[in-house]
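J.: What would the 3D arrangement of this be:
(one chain, ligands or ions: 1)
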Amino acid sequence: MTRESESGLPIEPVYGPDALTDWDAAEKLGEPGKYPFTRGVYPSMYTGRPWTMRQYAGFGTATESNARYKQLIANGTMGLSVAFDLPTQMGHDSDAPIASGEVGKVGVAIDSIDDMRVLFGGIPLDKVSTSMTINAPASLLLLLYQLVAEEQGVSADKLTGTIQNDVLKEYIARGTYIFPPKPSLRLIADIFKYCKAEIPKWNTISISGYHMAEAGASPAQEIAFTLADGIEYVRTAVAAGMDVDDFAPRLSFFFVARTTILEEVAKFRAARRIWARVMKEEFGAKNPKSLMLRFHTQTAGVQLTAQQPEVNLVRVAVQGLGAVLGGTQSLHTNSFDEAIALPTDKSARLALRTQQVLAYETDVTATVDPFAGSYVVERMTDDVEAAALELMGKVEDLGGAVNAIEHGFQKSEIERSAYRIAQETDSGERVVVGVNRFQLDEEEPYEPLRVDPAIEAQQADRLARLRAERDQGAVDSALAALKKAAEGEDNVLYPMKDALRARATVGEVCNALREVWGTYVPSDAF
Ligand SMILES: C[C@H](C(=O)O)C(=O)SCCNC(=O)CCNC(=O)[C@H](O)C(C)(C)COP(=O)(O)OP(=O)(O)OC[C@H]1O[C@@H](n2cnc3c(N)ncnc32)[C@H](O)[C@@H]1OP(=O)(O)O
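T.: Sure, this is the predicted structure:
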């Protein structure tokens, strides 16, 4: 009767005290808010403050996205989370030939400070924390945010938020990389240093397992490869001359929440414990904040179905519950129609309402880490931890995360797991309600939200106007200074900020860096 968990670990029909023989609560758990942080990073957790309800949103132009943010804020969202379109994520302007057909589709199109100003118009940046899902061009969007804040009269030390800035997982699972690993890591170290000096409350990176999970990674693979990436970033920053406690408190993480709640709770707890130990034992961090794995969670998009889409409301509620029981700091609950299209106003509101029900109508926020001491969850926490440590050891044996990426290790492990899931779904062994069981003879029609294709021409017009109006000499000399810094060792963010202030575009700044650093071409192993 033993079942296999998503990580391929056994789940017994019944657990009792013998599941925890040799299990020392003081060593494994400690107290909430204390090393090894198994029970959560804050002593009071949600009894002190609920998690941040942070709905990922953005589409079309800056004007449309700004309206959606204001609506989300009016509906009770507690933090913003910006989705950029693919051209922006790849460092191309909206009028670049390669951008054709993609402008404003999967997120908002941002070409320059002119767009960024509109995106945050009427939103006081000292009152809201903002996450930006941007990786290779993360430094540009952060600087644009700072420039808009300056225009609002908000100083950088008041800014709170996160840039995703996690290029390693782009090579593994997400795909929006630009530069090769070496300059990418150097840029990340420059960002850490810049934020330490200029924007001290900013979370400089969101080291993400979410996308690996969406690509098929098991829970153990998800945390193993994510923490291995984290180790690579820490090594990079230390090698660049930073003291670990100067940047580690501002590292953050991002995981998925699947419908398999027990293993997910175990996964979150195991990840916290592994990270605390790595930071303390391997890197000698002294500041307790350096040991705290703080994370955002998004419910598993890959588990949503286009068939009978309303069923997704139920899945998301279950997934969100798992994230909360696992002690997430920030949560995005997917909208029920996201397997079909971008969410409508109504479905986006329902997704947020799901979090509000969890926070204000259940009792799971009344006590910290409710699963502590549960035979099954403690056993699974230990098992997922052991499986993740084993995989992290394999990454180390290959010479660390970057070398393992170049061997294609993480990607092929994830693909194997994805194949297993697909086979189980096809054979019906893995039940997907509405897809391979409990289907309807006829699906009800659903009218999805569509992005107006005219916005591509609108963005091109805005760019033409910007190029005609700006001081081209100032842009050229700022871009030349940026290239010089990129060739040498000076922090590139300072000249980059000058260029963006002079209204250089996202594409122009990224092209300047492409000229110096080149672009990444995956090895044959991919
Ligand atoms: C799929 C899609 C795609 O591929 O495109 C994506 O990637 S979407 C990806 C979207 N990604 C995201 O949305 C990432 C979001 N990430 C974040 O917001 C951050 O990185 C985070 C995970 C650290 C959460 O930050 P946050 O500001 O929301 O929450 P925090 O936990 O830091 O809490 C805010 C402040 O309140 C304090 N605080 C919170 N709770 C407590 C408590 N119980 N007791 C005492 N203090 C507390 C914290 O110390 C902190 O202050 P202080 O700072 O002073 O200590």
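J.: Show me where the stretch 151-300 of the chain has its helices.
T.: Remark: helices assigned in the stretch 151-300 of the chain by DSSP state H, counting those that start in this stretch are 167-169, 181-198, 210-214, 219-239, 244-247, 261-277, 288-291.
J.: Any chance you could list what contacts the fifth one?
T.: In this case it means helix 244-247. 192, 196, 204, 234, 237-238, 279, 283-287, 290 (CB atoms under 8 Å, 6 or more residues apart in numbering). In short, each C-beta sits where N, CA and C put it, glycine included.
J.: Most widely separated two among the residues you listed?
T.: Thr204 and Gly284 (20.0 Å; CB to CB).
J.: Which of those two has more residues huddled nearby?
T.: Thr204 (24 against 12; other CB atoms under 10 Å).
J.: Tell me the bridge partners for Thr133.
T.: Per DSSP bridges, the residues bridged to Thr133 are Ala83.
J.: so it makes contact with Phe84?
T.: Yes - taking contacts as CB atoms under 8 Å, Thr133 lies within contact range of Phe84: 6.7 Å.
J.: number of nearby residues for Met1?
T.: Neighbour tally, Met1, other CB under 10 Å: 6.
J.: pretty sure it contacts Pro13?
T.: Yes - the pair Met1 / Pro13 is scored as a contact, 4.7 Å apart, by CB under 8 Å.
J.: coming back round to it: now the helices of the stretch 151-300 of the chain as CSV including distance to the ligand?
T.: Formatted as CSV, the helices of the stretch 151-300 of the chain follow (distance: least, CB to the nearest ligand atom, whole Å):
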stretch, distance to the ligand
helix 167-169, 9
helix 181-198, 13
helix 210-214, 6
helix 219-239, 13
helix 244-247, 14
helix 261-277, 12
helix 288-291, 7
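J.: To Trp517, which of those helices lies closest?
T.: Taking the helices of the stretch 151-300 of the chain one by one with CB to CB, helix 181-198 is closest: 3.9 Å.
J.: tell me how far the ends of stretch 404-415 are from each other?
T.: For stretch 404-415, the first-to-last residue distance is 15 Å (CA to CA, to the nearest Å).
J.: Going by neighbour count, which residues of it are buried?
T.: Buried residues in stretch 404-415, counted by 16 or more other CB atoms under 10 Å: 404-406, 408-411, 413-414.
J.: Now the two most distant members of the residues you listed.
T.: Farthest pair in these, by CB to CB: Glu406 and Ile414, 15.5 Å.
J.: May I see the buried residues of stretch 45-64?
T.: 45-46, 50-62, 64.
J.: Looking at these, which is nearest Ala485?
T.: Taking the buried residues of stretch 45-64 together and measuring to Ala485 by CB to CB, the closest member is Ala62, at 28.5 Å.
J.: residue contacts, that closest one?
T.: 108-110, 115-116, 118-119.
J.: wait, which of the buried residues of stretch 404-415 is closest to Phe225?
T.: Gln410 (4.8 Å).
J.: Next one: that closest one from the ligand, what distance?
T.: Separation of Gln410 from the ligand (CB to the nearest ligand atom, to the nearest Å) stands at 17 Å.
J.: so where do the strands sit in the stretch 251-400 of the chain?
T.: For the stretch 251-400 of the chain, the strands defined by DSSP state E, counting those that start in this stretch cover 251-257, 295-299, 330-332.
J.: who does the last one touch, helix- and strand-wise?
T.: Helices and strands touching strand 330-332, by 3 or more CB pairs under 8 Å, 6 or more residues apart in numbering; DSSP states H and E, are strand 52-57, strand 295-299, helix 311-325.
J.: residues in this protein within reach of the ligand, list them.
T.: 42, 44-45, 48-49, 52, 54, 56, 79, 81, 83, 129, 131, 133, 160, 162, 164, 174, 201, 203, 206, 210-211, 252, 254, 294-296, 298, 329-330 (CB under 6 Å from any ligand atom).
J.: Can you select the buried ones among those residues for me in PyMOL?
T.: Command for PyMOL, covering only those of those found buried under the criterion 16+ other CB under 10 Å:
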select buried, resi 42+45+52+54+56+79+81+83+129+131+133+162+164+174+203+206+210+211+252+254+294+295+296+298+329+330
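J.: Count the residues that sit near the residue nearest to Val154 when sequence neighbours are not counted.
T.: Sequence neighbours aside, Asp126 is the residue nearest to Val154 in space, at 4.4 Å (criterion: CB to CB, 6 or more residues apart in numbering). Neighbourhood size, Asp126 [other CB under 10 Å]: 13.
J.: where's Asp126, which helix or strand?
T.: For Asp126, there is no enclosing helix or strand under DSSP states H and E.
J.: Local confidence estimate at it?
T.: We note a pLDDT of 96 for Asp126 in this prediction.
J.: hmm, back to that, identify, from the contacts of helix 244-247, the entry nearest to Pro453.
T.: For the contacts of helix 244-247, the nearest to Pro453 is Thr204 (35.9 Å; CB to CB).
J.: I figured the closest one hits Ala248, correct?
T.: No - the pair Thr204 / Ala248 is not scored as a contact, 10.1 Å apart, by CB under 8 Å.
J.: part of a helix, is Asp18?
T.: Yes - under DSSP: H, G, I helix; E, B strand; the rest coil, Asp18 sits within a helix.
J.: Pull the number of nearby residues for it.
T.: Asp18: 8 neighbours (other CB under 10 Å).
J.: ok, now which ones touch it?
T.: Asp18 touches nothing, counting by CB under 8 Å, 6+ apart.
J.: and the gap between it and Glu12?
T.: 10 Å (CB to CB, to the nearest Å).
J.: Kindly report the same for Arg294.
T.: 32 Å.
J.: quick one: contacts of stretch 463-479?
T.: So stretch 463-479 is contacted by 93-95, 111-112, 114, 495, 498-499, 501-505, 508-509, 512 (CB under 8 Å, 6+ apart).
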